[in-house]
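Visitor: pasted the sequence and its predicted model underneath.
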Amino acid sequence: MNKKQPAGKRKTLPGKKRTTTTRRSNRLTRDDMQALATLDRLLEEDRRIEQKYNLPFRSPRQVATTVHCCTHCQKDIALLIFGDFAKDAAGLEAYARLTADLIQRTALPAYVIAPPSNPGDLDGPALLLKVYPSQEESYFITPPEWEELIRMLSDEHCQQQ
Ligand SMILES: [Zn+2]
């Protein structure tokens, strides 16, 4: 086996005194304490968000969204929100609560989508919930079916049916 020294690891040379920069103490340094305090604040903020929006999963630090354009006139026609931690319709609804401000601001038909039901099959079906302007029943949709939905919404948008 090829043993590599990890970068940054100090080697004590023979006859040379061990340098004091080598950390041997398990006591927390000031930086450690600061990092812990920061982590504490982040976790507190997470809990606050989880409670505020009644999330059935841990608070996502970021929520990915995409805006889809009309295939005819390129105007924005739909907002898609990625509910990465959602496992069911209740989880998708939680994402809708979490992104309610954005949904209102965007004022486009908005959908929340869960990760693919089978994580190994990215082209497989994923649970989709339309949440704006009115909430509909959730259903499973595959990426090609989503593309089809965008085409349909585009036709409706530009009245090319
Ligand atoms: Zn259009």
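Guide: Structure received.

Visitor: how near is residue 112 to residue 66?
Guide: 12 Å (Cβ to Cβ, to the nearest Å). C-beta here means a position set from N, CA and C on the backbone, and glycine is covered the same way.

Visitor: beta partners for residue 66?
Guide: Residue 66 has these beta-bridge partners by DSSP bridges: residue 80.

Visitor: look at residue 112 and residue 66 and report which has more neighbours.
Guide: In this view residue 112 and residue 66 are compared by other Cβ atoms under 10 Å, and residue 112 has more residues nearby, 30 against 9.

Visitor: got a list of contacts for the one helix or strand in the chain whose mean pLDDT sits lowest?
Guide: Here the helix or strand of the chain ranked lowest by mean pLDDT, DSSP states H and E is helix 30-52, holding a mean of 92. For helix 30-52, contacts defined as Cβ atoms under 8 Å, 6 or more residues apart in numbering pick out 28, 55, 58, 59, 98.

Visitor: quick one: the residue positioned nearest the centre of the chain from residue 47, how far?
Guide: Among the residues of the chain, the one closest to the centroid is residue 63, at 4.2 Å (Cα atoms, centre = their mean). Distance of residue 63 to residue 47, given as Cβ to Cβ: 18 Å.

Visitor: show me which residues of this structure are close to the ion?
Guide: The chain comes close to the ion at residues 70, 72, 73, 157, 158, as judged by Cβ under 5 Å from the ion.

Visitor: residues near the closest residue to the fourth one other than its chain neighbours, how many?
Guide: Ranked by Cβ to Cβ, 6 or more residues apart in numbering and with sequence neighbours excluded, the top spatial neighbour of residue 157 is residue 70, at 4.6 Å. By other Cβ under 10 Å, 19 other residues sit near residue 70.

Visitor: quick one: low-confidence parts of the protein?
Guide: Counting by pLDDT under 70, the ranges of the chain that qualify are 1-25, 161.
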